[in-house]
Structure formats: structure tokens, C-alpha cells
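# Could you look at this predicted model? Sequence included:
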Amino acid sequence: MSLSASDIQTAATQLPDSSRPPVTPPKSRILPWRDAAPMWREAEARGHLSPYQTWRWISAWNEEIEEPQGRNPIVLLIESETGDRLLLPLTLKKIGPARAAVVVGEDHANFKFPILSGPATEWRPDVLRSTIVSTLRKAGIDLLILDNMPMEWEGVPNPLAPMLTHQGPTLGFKTALHTKLDDYLAERLSHSHLKKHRQKERGLGRLAPLNFFRASTMAEVTKILDAFFQLKADRFAELGIPDVFRDEGTKAFMRRCATEHLTTGSPALVLYALTSGDRVVAIYGGCEHGPRFSGSVNAMALDSQTRRYSPGDILLLRLIGDCGERGFQTFDLGLGEASYKMQYCPEIQQVYDGVIANTGLGSIVSWLWHGWRDLKFRLKQRPALLARLQHIRRLLVR
């Protein structure tokens, strides 16, 4: 869905006024992604970014996904006259005959946000856009695709907001956390809902002893991920759709994210599990940075005996409690609509798309790309039609 001029203006109210006198254009260049490591890590330690733009997450993605496919990830670096930096991790790919720069992470990165070393108010929208266009044009890039970008992240405005012209096809869901789970439960769940939840937890516990844990050893990571890949394969088979986690590169990426930096307590993918006896019955994985825990993957046991007790909900509430106790201020369940998300994370975080075309060919591809994204958005607004199309797809893949 396209945004009106007033929508874009409202979203950018915290950004600097482009009517001010001209300023010295910022310096900009394109770097091989590894060359940006020192500036990246400095910005990560002191600046603003989402968990999906941390060095540990992006380096795992680039080395396990992008480079094995022959792509060359890059970083667009822009430096203001005061020394503040904006870094945007990109990968180059062909879309038809066009050469496109796309923000790294595909759909595995729920929220894409520029890496900012300083305040977002440093960046003038008009100057920033012209700098991006000039830099990409010199590099022979036809268009830049910005997708799944929020207008702000933890209160920090996105300096690319004026370039985000279309609402994304999916929504994000988040909630504020409390240090005590009981305070969160009192705020979010009714007495009757909480009573049913506790009944289900007791019922599941009667089948076998329950155990909730956050993976802290290689053995625990292996156990959780082995169960995750099998549960997802079973679920996709049940739905009759391709398993997006079947690819070995995706598996290697997730294993690396979950194991690298595990001993220091800061892996790129943090895994939680609920076990019933020796069996893993629910899994959640997420990314952490600053005050926020961002949920990215989950899986639940499919057998009818276990499913009736909603093991995913049981794990989710324990996860939310753990995140609050560990000092996180915000918790989200990533992108994608589901009824349970509104129950536990009622605050919507909208994401937006934008394309900066640098050539005539880029303009044509931009129009086609926005058309495809708008179609996805409209289908999601018509559940009956979407369900019918999914049913047809299941029949075709049998």
C-alpha cells in the first residue's frame, strides 16, 4: 500500500528540516563488508541498530548464505561533517537485467535498520537521498531496495524514513516488559485466560515433567536445533508447502548464530526450549541487542496429545518472564500476523518499503517490485482469498 505525502511527513517529523541552509554534503563510499568491521563494531557498541544488523548476525549471514552463492556483500558508508556515520549492509543481486542493492538478511531479518553511530537528527533527508543516489550511480547500481524497515527503533527515528513510500505486507508485534512476570500477566491477560493457561500447563506436566531452559551449552543448542528442523519439516509437510529451513546454508547460518559467542553469553541467535520428559515440545529463538529481545523463529510439537495443551504459549510466557528478569525493556514476536501475537504483544510495529531508482531500468524494476509487494499486502487483507490460494498450492505440491 502506497503512503500519502502526509503519512511520510508525519513519520519524519523528528528528522531535521530540509529547508535549512545548504550544508556540506556528507562523505560516502562503498566498502567490502569486512573492511567496515572497526566502524561497525564501534557503532554497535555506542550507537543505534536492530539485533539483525549486529556484526555477529550479519557476518554469519554473509559467510553462510551470501558468499557461498557467489555474491559480494558490501556496506554503504556515509559520514557527516561532524563525524557521525551511517552504515547500511547490502548485497548485490540481479533482478532481471537490473543490478540491485538489497539490504542484507532477506526475510530472516525481521526488522532492518541502518547502523547509526550517533543521533539520527544528524541526517538531512534531501542531502542523504542525493548522497545515496550519487554513490550508487557511480558504482553502476540501478536501484536500492529498502524493505521491512520501521520508522523508528527503540525511540530512535530512522533517517531513511522519507524514502520509505509503501507500507510493508506484514506487521510486527511488540510489548513493553516488566521485571516481574506477574506484573506483565496482570497487565496483559484476563483472569479467565490465565486460569486456562495454568490448567494447560498442569495438564502438560502430567504427561511428563516439564523443563524450561535457555541454551547455554553446545549440547543444548544441538538438541534444540535438531528438534527445530524436524518440527518445521513436519509442519511444512502438514501444510503442503516447501520447507524454508531445509537448505543447508540456512541450517549452517542458524547453527553458527546459536553457537558462536555462546560461551560469552551473547550468541546472535538465543534459543529457548520447553521439554516434556526428554522430548522438546516447543522452541523459541530470538536476537538480542540493547534493550530489546526480538523473536525470530519458533516451532511446536504437532501430535494431538501435546498440541491440546498449547506448549508454545507455555514456553512464550516463560520466555517473556525471563527476558524481563534479564533487564530487557521491549519484546517482539517478529513479523507476520497470528492471533496469539496480539494477545501477548498488542503494540503494532509497522514496517515499510522503499526503492531508490538510479536509472531508467531501475525505475521499471522498482515499479514491478512495488507491485509484487502490494499484491502480498492486499492478499493478507483478504484472509478467505489467501486461504483458497494456499489450499490450491497444497494440492499442487502433493
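Right, received. Where do you want to start?

# Residue ranges of each domain in this protein, please.
For the chain, the structural domains run 5-168+351-397, 178-328, going by automatic domain parsing.

# and these as CSV, adding distance to Tyr340, mean pLDDT and mean neighbour count?
To be clear about C-beta, it is placed using only N, CA and C from the backbone, and glycine gets the same treatment. Shown next, in CSV, are these (distance: least, Cβ to Cβ, whole Å; pLDDT from 0 to 100; neighbours: other Cβ atoms under 10 Å):
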stretch, distance to Tyr340, mean pLDDT, mean neighbour count
domain 5-168+351-397, 16, 86, 18
domain 178-328, 7, 96, 17
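
# Export those as CSV, with columns for distance to Ser339.
Shown next, in CSV, are these (distance: least, Cβ to Cβ, whole Å):
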stretch, distance to Ser339
domain 5-168+351-397, 11
domain 178-328, 11
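
# how about those, which one is nearest Tyr344?
domain 178-328 (6.2 Å; Cβ to Cβ).

# between the domains of the chain, which gets nearest to Lys341?
Closest of the domains of the chain to Lys341 is domain 178-328, at 9.3 Å (criterion: Cβ to Cβ).

# To Glu337, which of the domains of the chain lies closest?
Per Cβ to Cβ, nearest to Glu337 of these: domain 5-168+351-397, 6.8 Å.

# that older thread, so which of the domains of the chain is nearest Cys345?
Cys345 lies closest to domain 178-328 among those, at 8.7 Å (Cβ to Cβ).

# ok, how many other residues are close to Gly336?
Residues near Gly336, counting by other Cβ atoms under 10 Å, number 14.

# Please report how far the residue nearest to Phe253 when sequence neighbours are not counted lies from Pro32.
In space, and not counting its chain neighbours, Phe253 is closest to Glu64: 4.0 Å by Cβ to Cβ, 6 or more residues apart in numbering. The spacing between Glu64 and Pro32, counted by Cβ to Cβ, to the nearest Å, is 17 Å.

# Just to check, the residue nearest to Phe253 is in contact with Asp247?
No - counting by Cβ atoms under 8 Å, Glu64 sits too far from Asp247 to count as a contact (10.2 Å).

# Now do the contacts for the nearest residue to Pro209 once chain neighbours are set aside.
Using Cβ to Cβ, 6+ apart and skipping the chain neighbours, the partner closest in space to Pro209 is Gly277 (6.3 Å). Gly277 makes contact with Leu207, Ala208, Pro209 under the criterion Cβ atoms under 8 Å, 6 or more residues apart in numbering.

# Repeat the analysis, applying 10 Å as the threshold.
Counting by Cβ atoms under 10 Å, 6 or more residues apart in numbering, Gly277 touches Leu207, Ala208, Pro209, Leu210, Asn211.

# which stretches of the stretch 51-200 of the chain form helices?
55-61, 125-138, 181-188, 191-207 (DSSP state H, counting those that start in this stretch).

# Skip the chain neighbours and tell me the closest residue to Ile283.
Nearest non-adjacent residue to Ile283, counting by Cβ to Cβ, 6+ apart: Ala299, 4.6 Å away.

# measure the one you found to Leu116 for me?
In terms of Cβ to Cβ, Ala299 sits 34 Å off from Leu116.

# Mutual contacts of Glu64 and Asp247, please.
Applying Cβ under 10 Å, 6+ apart, one finds that Glu64 and Asp247 are jointly contacted by Phe253.

# one step back: which residues touch the residue nearest to Ile283?
Residues near Ala299 by Cβ under 10 Å, 6+ apart: 224, 227-235, 245, 273, 280-285, 312.

# what are the bridge partners for Glu347, then?
On the basis of DSSP bridges, Glu347 is bridged to Lys174.

# from what I can see it touches Leu177, true?
No - using Cβ atoms under 10 Å, Glu347 makes no contact with Leu177, being 11.7 Å away.

# who touches both of those two?
Counting by Cβ under 10 Å, 6+ apart, the common neighbours of Glu347 and Leu177 are Thr330.

# out of those two, which sits in the busier spot?
Taking other Cβ under 10 Å, Glu347 and Leu177 do not tie; Leu177 has more neighbours (23 against 12).

# From Val221, how far off is that one?
Leu177 sits 25 Å away from Val221, going by Cβ to Cβ.

# now do Pro51
Distance from Pro51 to Val221, by Cβ to Cβ: 18 Å.

# Understood, closing this out.
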